[in-house]
Every structure is written in structure tokens, then in C-alpha cells.
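**Q** just coords:
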């Protein structure tokens, strides 16, 4: 493994000098440790850098050259941002104050005067190359750890989502329904937020949180006695009052789960669980909210819940034909909905009914 990592290291050094003898001296110093490529001027150096950038571990650069001098090469490397990735060393006899100042301003790692002293130049350049390698390895390790943390965070999110779905589905099974109901409420809510003006101004992340929250709309039914929850006939007034408490029980349950309070979907889940039976005319429950007092996401879940209840078989009734269900919703037989909500719902309903083309398991 160590050998594989060693083989992946950049091992190519670019020597740029118009004097062939100078290039030969530098090559002789470094050829035992690095692969050497050469360029006789700045333009050729830029061509070699472009072709071999991923392999080059250092550039040894003369200042005075024809065609393109060393300072122009430094300028171009600075503009491209490559100066931060590849250490550049000026090997020059022109080491005046102005040259030094400009070179260091442009990001050169070191300026070495000619004639070079082999063991000095070797030690100075090797040290910087090792420093760059260590920095790259650290960056790679940090990136790897960040990816691992992101992966673990995603796993936690998926686990939380699975637990939410499992709890909600278990409640649906308890009331004699399949888990497809909560998935459809999720899908209807998401579709309406993404494809109607009701979702305008909401980010994709917020839509995801609201859609997850919609799954939990009926968690309060866990507190409703079986003989009421699964009663095949009409509920008595007393039983109906007990059934209505599932909205308050759901909000209370969500409040009592510490991990839920920390979830980004909590505020939507609490609101939806409590208010998905509110109605536009104020005749819903539990708080008798009227008009826009009910949030748009609770309104969407409300109409999605009614629609799904009407077109699906339940313990107390058979499924209604879709056209009959739409007529009942439009004429207020299941409570009054916002005119805007109704318009948006009806505009996408033909797409929503595709959710019912497959029989539930």
C-alpha cells in the first residue's frame, strides 16, 4: 500500500532555461530523484506545463530568456492559480531587489542565485517539494474524512427517514390501511409544492422537509382506541370527538421526541399533525383556524388526505370513483377548501391519480 502511494506521487521536474549547459547542470543534480523534462523558453515551458501539469512536482525557472521570460511565466501561473499547486523556483543570476520583490509577490517559493551550489540547491528544493507533498496528503486526508462524514450524515438522514416512515406506516396498519397511504400523502404534497404556485419561494430543501413532515400527519392516531379507530360503521358523536383528538395527540407526541425537535422537518410536522383537519371556513378542528391562518403545507396535506381517503378502500367504506371524489371535494362535502388550493389541486389531479394505478400490497 505504501509503495502504491509512493508511485502516485508527482515525480516530474520541469527545468526552464535557454542555456543548455545550465539545464544539464540542474538535470545532473536532480535526475536520480526525479524524471526531468526541459524547456528552452517561457512559451515552451507553458506548453510543457499544460501537457504534464498533473505530474510536475516543481518548476526550476530562469528569468532572462527569449520569446517569453521567467517573470511572464510567473504571471501566467499566478493568473491560472497553478502557482498554488506547483512550487516554482527562480534559478537566476538576475537576483536584484526588484526581481526578488516581484517574484515573491507572484508566489515563487524560492530564488536561488547562479552559479548554483549542488548540495544547497538540492536540499532547498527537496525540502519545499516534500512540504507540498505533505500538504497535498493532508488535503486529501481531510477531503476523505469530509466525504466519510457526509456519507455518515446521509446514512443518519436515511435512517431517520426510515424510522419516520416505519412509525407512520405502523399506525396506518393499525387502522387497517396499508403503508401506501403515507407514501401517497408524501408524494402528493411534494408534487403540488413542486408543480403549482403553492410552492413558489420554497427551496428544494424546504420542499423535502415538508414532504417528510406530511408522512407524520396522522401519528396521533396511536392514541386512539382500536374499537374507534377500526370501527366499520359511522362513529357516534362521542367517538368522533375522541377521534378528533388525534391531531392534538400527534402534535404532543412529536414534541415529546427530543430527536424530532432537532430535525429540520419538526416545525412542519408539528403544524401538519395539528392542523391538517382545519378548513377554510373555520369549521375544522382542533383550533378552528380560518382562511390563511392555516399554513399552505397543512392545507395541501388536508386536501391530499381527503382525496386519498375518498378514492381508497377503508374499513368503514369502499373506494369512491375518482370523478365522484372530485365532485365531493369541489362541493364542500368533505369541508371547505381554499379556492386557490382547489384550483391548484384540480390542475394537477390527473397526474396525481397515476399514484393509484398500482394496487396496494
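**A** Arrived safely, thanks for sending. Quantities reported herein were computed from a predicted structural model and do not represent experimental measurements. Numbering: from 1, shown residues only.
**Q** Return the distance of residue 146 relative to residue 60.
**A** Going from residue 146 to residue 60 by C-beta to C-beta, to the nearest Å gives 34 Å. Placement of C-beta: from N, CA and C, glycine included.
**Q** Please read the previous query as pertaining to residue 350.
**A** Here residue 350 is placed at a distance of 70 Å from residue 60 (C-beta to C-beta).
**Q** So between these two, which is more surrounded?
**A** Between residue 350 and residue 60, counting by other C-beta atoms under 10 Å, residue 60 is the more crowded of the two (26 against 9).
**Q** which other helices and strands contact the host helix or strand of that one?
**A** Using DSSP states H and E, residue 60 sits within strand 56-61. Packing contacts for strand 56-61, counted by 3 or more C-beta pairs under 8 Å, 6 or more residues apart in numbering; DSSP states H and E, involve strand 12-16, helix 42-52, helix 70-80, strand 88-92, helix 118-174.
**Q** So, low pLDDT: which residues of the stretch 251-361 of the chain?
**A** Where the stretch 251-361 of the chain drops to pLDDT under 70, the residues are 259, 357-361.
**Q** for the stretch 201-350 of the chain, what spans make up the helices?
**A** Assigned by DSSP state H, counting those that start in this stretch, the helices in the stretch 201-350 of the chain fall at 204-215, 226-229, 237-244, 246-255, 258-261, 266-275, 296-311, 322-330, 339-352.
**Q** Which strands or helices does the longest one pack on?
**A** Spelled out, that is helix 296-311. helix 180-195, helix 204-215, helix 266-275, helix 322-330, helix 339-352.
**Q** tell me which residues of the fourth one are tucked away?
**A** Read that as helix 322-330. Buried residues in helix 322-330, defined by neighbour count with 16 or more other C-beta atoms under 10 Å: 322, 325-326, 329.
**Q** quick one: that helix to helix 296-311, angle?
**A** Inter-element angle recorded for helix 322-330 and helix 296-311: 140 degrees (by axes from the mean of the first three to the mean of the last three C-alpha atoms, to 10 degrees).
**Q** cool, the second one as well?
**A** Between the axis of helix 204-215 and that of helix 296-311 there is an angle of 40 degrees, by the same axes, to 10 degrees.
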